[in-house]
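Asker: sequence and predicted structure, then a few things I'm wondering about:
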Amino acid sequence: MRENKTDRRIQRTRRLLGDALLALIEEKGYAAITVQDILDRANLGRSTFYMHYRDKDDLLVSEFDHFKELFEHFESQPSAKGRHLQSSEYSPSLAFFRHAGGQHRLYKALMGKRGGETVHKLLYPYISDLMKTHLEKFIPDSKNSAVPREVAIHFFISSFLTLLTWWLDHDMPYTAERMDQIFQTLTLSGFNSALGIRLTHR
């Protein structure tokens, strides 16, 4: 029982610090934030902060677990074992757009303009690695492809992240479903042609 109370207290403290960080990113941008700003907003002491995190970058990285959990959830679905990357049942890009719509504050703080260069340097490689691992399961590594697989995957991921950031910075003028449709229309035909495969469009 005591352990459960301790775990809940730790989770509550981390959530207070995470919420404070995200709120401050929205208000003043990541670069301008100090650890003291975070402590003042969360109403916590400095020793408490350093019990959990090394610095504000460490706290920021902890917020990325949302993205990892998203991929782990979809990787565990039966439809993820199918042969198509994009389908009405399983679409990692659509999952991201929908998750972003439901967690708009989190995504906009981390990926939008206020996140700043440091956030992008940490976050983009993190998401790219998650998507790359997933995409490689669906895309054969063929020497006969017009474009090397790693180049095509980089283009696919970069295009998606650019479009997702635009959507967030413009306060989501279209639905998640419409944005995914736009993304697929813009990218899939070239992707299929370059790799000599057929990733389906809904």
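Answerer: Cool, got the structure. On a predicted model such as this, the values are computed, not experimentally measured, just so you know. Residues are numbered from 1 along each chain as shown.

Asker: spatially nearest residue to Glu26, not counting backbone neighbours?
Answerer: Ala109 (5.3 Å; C-beta to C-beta, 6 or more residues apart in numbering). C-beta coordinates here come from the backbone N, C-alpha and C atoms, glycine included.

Asker: quick one, helices of the chain?
Answerer: Counting by DSSP state H, the segments of the chain that form helices are 2-28, 35-42, 46-52, 56-62, 65-75, 92-102, 104-111, 116-135, 149-169, 176-195.

Asker: got these as CSV, with mean neighbour count and mean pLDDT columns?
Answerer: Formatted as CSV, those follow (neighbours: other C-beta atoms under 10 Å; pLDDT from 0 to 100):
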stretch, mean neighbour count, mean pLDDT
helix 2-28, 14, 85
helix 35-42, 16, 97
helix 46-52, 13, 95
helix 56-62, 17, 90
helix 65-75, 15, 68
helix 92-102, 20, 84
helix 104-111, 20, 80
helix 116-135, 16, 79
helix 149-169, 17, 85
helix 176-195, 17, 81
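
Asker: hang on, the earlier thing: and the residue nearest to Glu26, how far from Leu22?
Answerer: Remark: distance between Ala109 and Leu22 (C-beta to C-beta, to the nearest Å) = 4 Å.

Asker: got the contact list for the residue nearest to Glu26?
Answerer: Counting by C-beta atoms under 8 Å, 6 or more residues apart in numbering, Ala109 makes contact with Leu22, Ala23, Ile25, Glu26, Gly115.

Asker: do Leu163 as well
Answerer: Contacts for Leu163 (C-beta under 8 Å, 6+ apart) come out as Met179, Ile182, Phe183, Leu186.

Asker: so the spatially closest residue to the first one that is not a sequence neighbour versus Gln184, what's the distance?
Answerer: What sits nearest to Met179 in space, not counting adjacent residues and going by C-beta to C-beta, 6+ apart, is Phe97, at 5.0 Å. Using C-beta to C-beta, one gets 11 Å for the distance from Phe97 to Gln184.
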